[in-house]
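Colleague: Could you look at this predicted model? Sequence included:
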Amino acid sequence: MPRINLLPWREAERKERKLSFVVALAAAAISAIVVTFGAYLLYSALIRAQASRNELLRTHIQMLNRQIGEINSLEKTKRKFLARMHIIEQLQRARPQIVHVFDQIVRTVPQGLYLTEVSEKGNRIQFKGVAQSSTRVSEFMRNIDGSHWLANADLEVIKAGRSRPGSTFTLDAQVESPKPAGLGATPNHALAAGGPQR
C-alpha cells in the first residue's frame, strides 16, 4: 500500500493561514488607521466650522453691543433734551406768570394795608406789611384765597405796633395757575378781576 506524506501540504496550509492572518491583521490595522484619520478630519472640520460660527457670533455680539451703547447714548441725550425742553417750557410759562402775580397782588391789597416787603420762596410768596387793623389782614387773606394766581394764604406773624399805629404782619401764599371758571368761585373772584373794593 502506497504511503502519502501530508506534512508538506499541512506546512503549506499553515503558512497560507498565517499569511492570510497577517494580511487580515494588516488590512484591519490599515482600516482602523483610515477610519481614525477620517474621523480626525471630520471632527477637525466640525471644530473649524464651529469655531468659525463662534467667531461670527462674537463679531455680531460686538456689533450689537456697540449698537446698544449708541442707543443708550441716544436715550441719555434724548432724556437730557426732554429735560431741557421741560425747563424751557416751565420758564416760558413762568415768564408771564410773575406779571399776573404782581397784578393780582396789587388787586388783592385792601385799603388800609400796605406792603413793605415781597419775597419769593419756591412757589410761595411772602408778604410783610402794615395794616390799620387785623381785619384788614383778614380781608387781604380772603382776597388772596379768592384770586386767580394766589391761594392758601397763611398768616405767620401779626404784631400790634408800639411806635406807630397799626399792626405789622407776615404771611405767605402759594402761586398757582389760574383756576378754571366756575370751580371754587367765590365773590372774592370779582375782587381779583376788578380790584379790591374800597
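Modeller: Yep, that arrived.

Colleague: average model confidence for stretch 157-168?
Modeller: For stretch 157-168, mean pLDDT rounds to 74.

Colleague: Repeat that for stretch 108-126.
Modeller: Stretch 108-126 shows an average pLDDT of 87 in the prediction.

Colleague: what residues does it touch?
Modeller: 101, 105, 127-133, 136-137, 139-140, 143-144, 147, 150, 156, 170-176, 191-192, 196, 198 (Cβ atoms under 8 Å, 6 or more residues apart in numbering). Quick note: C-beta positions are derived from backbone N, CA and C, even for glycine.

Colleague: any weak-confidence spans in this protein?
Modeller: In the prediction, the chain carries residues with pLDDT under 70 at positions 1-7, 9, 94-95, 161-164, 177-198.

Colleague: what comes up buried for the longest strand along the chain?
Modeller: Taking DSSP state E as the criterion, the chain has its longest strand at strand 150-160. By neighbour count on 16 or more other Cβ atoms under 10 Å, the buried set for strand 150-160 is 150, 153.

Colleague: who are the neighbours of it, in terms of helices and strands?
Modeller: If you count contacts as 3 or more Cβ pairs under 8 Å, 6 or more residues apart in numbering; DSSP states H and E, strand 150-160 packs onto helix 7-108, helix 134-145, strand 167-175.

Colleague: in stretch 45-55, what counts as buried?
Modeller: For stretch 45-55, it's none, nothing buried (16+ other Cβ under 10 Å).

Colleague: How far off centre is that stretch?
Modeller: 41 Å (Cα atoms, centre = their mean, to the nearest Å).

Colleague: just stretch 99-118 next, same as before
Modeller: 42 Å.

Colleague: first to last residue in that stretch, what's the distance?
Modeller: 14 Å (Cα to Cα, to the nearest Å).

Colleague: Next, the buried residues of that stretch.
Modeller: Neighbour-count burial for stretch 99-118 flags 100-101, 104-105, 107-110, 112-113 (criterion: 16+ other Cβ under 10 Å).

Colleague: Can I get the helices and strands packed on strand 150-160 in TSV including distance to Asn123?
Modeller: Below are the helices and strands packed on strand 150-160 laid out as TSV (distance: least, Cβ to Cβ, whole Å):
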stretch	distance to Asn123
helix 7-108	10
helix 134-145	14
strand 167-175	5
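
Colleague: Looking at those, which is nearest to Ala160?
Modeller: strand 167-175 (5.1 Å; Cβ to Cβ).

Colleague: For that closest one, C-alpha coordinates in PDB please.
Modeller: In PDB, the C-alpha atoms belonging to strand 167-175 read as follows (Å, rounded to 0.1, in the frame of the first residue of the first chain):
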ATOM      1  CA  SER A 167     -50.200 146.100  63.100                       C
ATOM      2  CA  THR A 168     -47.200 144.600  61.300                       C
ATOM      3  CA  PHE A 169     -47.800 141.200  59.800                       C
ATOM      4  CA  THR A 170     -46.100 138.400  57.800                       C
ATOM      5  CA  LEU A 171     -48.000 136.000  55.700                       C
ATOM      6  CA  ASP A 172     -47.300 133.800  52.700                       C
ATOM      7  CA  ALA A 173     -49.300 132.500  49.800                       C
ATOM      8  CA  GLN A 174     -48.900 129.900  47.100                       C
ATOM      9  CA  VAL A 175     -48.500 130.800  43.500                       C
END
